[in-house]
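# Could you work out the structure for the sequence below:
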Amino acid sequence: MQKKEKSFGIQMLSVQPDTKPKGCAGCNRKIKDRYLLKALDKYWHEDCLKCACCDCRLGEVGSTLYTKANLILCRRDYLRLFGVTGNCAACSKLIPAFEMVMRAKDNVYHLDCFACQLCNQRFCVGDKFFLKNNMILCQTDYEEGLMKEGYAPQVDDNSTFSDYLVQCLEKLNKGAYVLTVLGQTTKATSVSRISNHNKDSMQGV
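So this is what the prediction gives:
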């Protein structure tokens, strides 16, 4: 289980003229500026409270700092050094927490790994894909898989072609997802939308 981030708040305080100057935890000098920072139960010059990696002034980049291994870090560097999102469902390698990812159902993927796992087709916004046995499949490979499994819709003498088509579409719709925007997917649930090949019409299904 991933450990909780060791984060601490940063407060900016104004220095009252009649108060005794406080010592800076960074440089050990008295703080004579109009403002000071309070973090980790200590006081700091604004210039002295910096990320140990990128040297950014922590009071300017947010209201939180992170500590680990005796380092004071900004959020980005903390995640870069110590954070983990989880394992990629395609390649099983660790995904650093600062990387952009794709998510489908409960699975997380590297951006480069989010492709059909049979033909390596990459997906664009509006494209439909399927999760079958935890594998990402494009529509072509998914349909070929159905044919190999011998799928045949249940029809009778009174069934029309449209009845047959709806059954086929409902079968295809089961497990179908649509890529809406980068990093997000949505479950495809509407037969009428699935049958429309205009990509724009499938966004947000």
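# My guess is residue 139 contacts residue 132. True?
No. At 11.6 Å, residue 139 does not count as touching residue 132 under the criterion of CB atoms under 8 Å. Where you see a C-beta, it was placed from the backbone N, CA and C, and this is true even at glycine.
# Show me the domain layout of this structure.
As assigned by automatic domain parsing, the chain contains the domains 7-81, 115-202.
# Next, please give the residue ranges for the helices of this structure.
Using DSSP state H, the helices found in the chain span residues 58-61, 75-82, 139-148, 161-173, 191-194, 199-202.
# The third one - contacts with which helices or strands?
Secondary structure elements in contact with helix 139-148, counted by 3 or more CB pairs under 8 Å, 6 or more residues apart in numbering; DSSP states H and E, are strand 128-132, helix 161-173.
# lowest-confidence stretch among those?
Among the helices and strands packed on helix 139-148, helix 161-173 has the lowest mean pLDDT, at a mean of 46.
# so what's residue 121 up against?
If you count contacts by CB atoms under 8 Å, 6 or more residues apart in numbering, residue 121 has them with 115, 138, 140.
# which residues does the closest residue to the second one other than its chain neighbours contact?
This means residue 138. The shortest distance from residue 138 to any residue other than its chain neighbours is 4.0 Å, reached at residue 116 (CB to CB, 6 or more residues apart in numbering). Going by CB under 8 Å, 6+ apart, residue 116 touches 123, 129, 136, 137, 138, 141.
# Surely the first one touches residue 115?
Yes. Because the distance of 7.0 Å satisfies CB under 8 Å, residue 123 is recorded as touching residue 115.
# Can you tell me how far the residue nearest to residue 138 is from residue 13?
56 Å (CB to CB, to the nearest Å).
# do the same with residue 91
Taking CB to CB, one finds residue 91 at 48 Å from residue 13.
# Can you pull the poorly scored residue ranges out of this structure?
Applying pLDDT under 70 to the chain flags the ranges 1-5, 149-205.
# 80 instead, please
Filtered on pLDDT under 80, the chain yields the residue ranges 1-6, 79-80, 82-85, 97-100, 105-106, 125-126, 134, 146-205.
# Measure how buried the nearest residue to residue 93 once chain neighbours are set aside is and give me the count.
Nearest non-adjacent residue to residue 93, counting by CB to CB, 6+ apart: residue 87, 6.8 Å away. The burial count assigned to residue 87 is 14, neighbours taken as other CB atoms under 10 Å.
# Sounds good, over and out.
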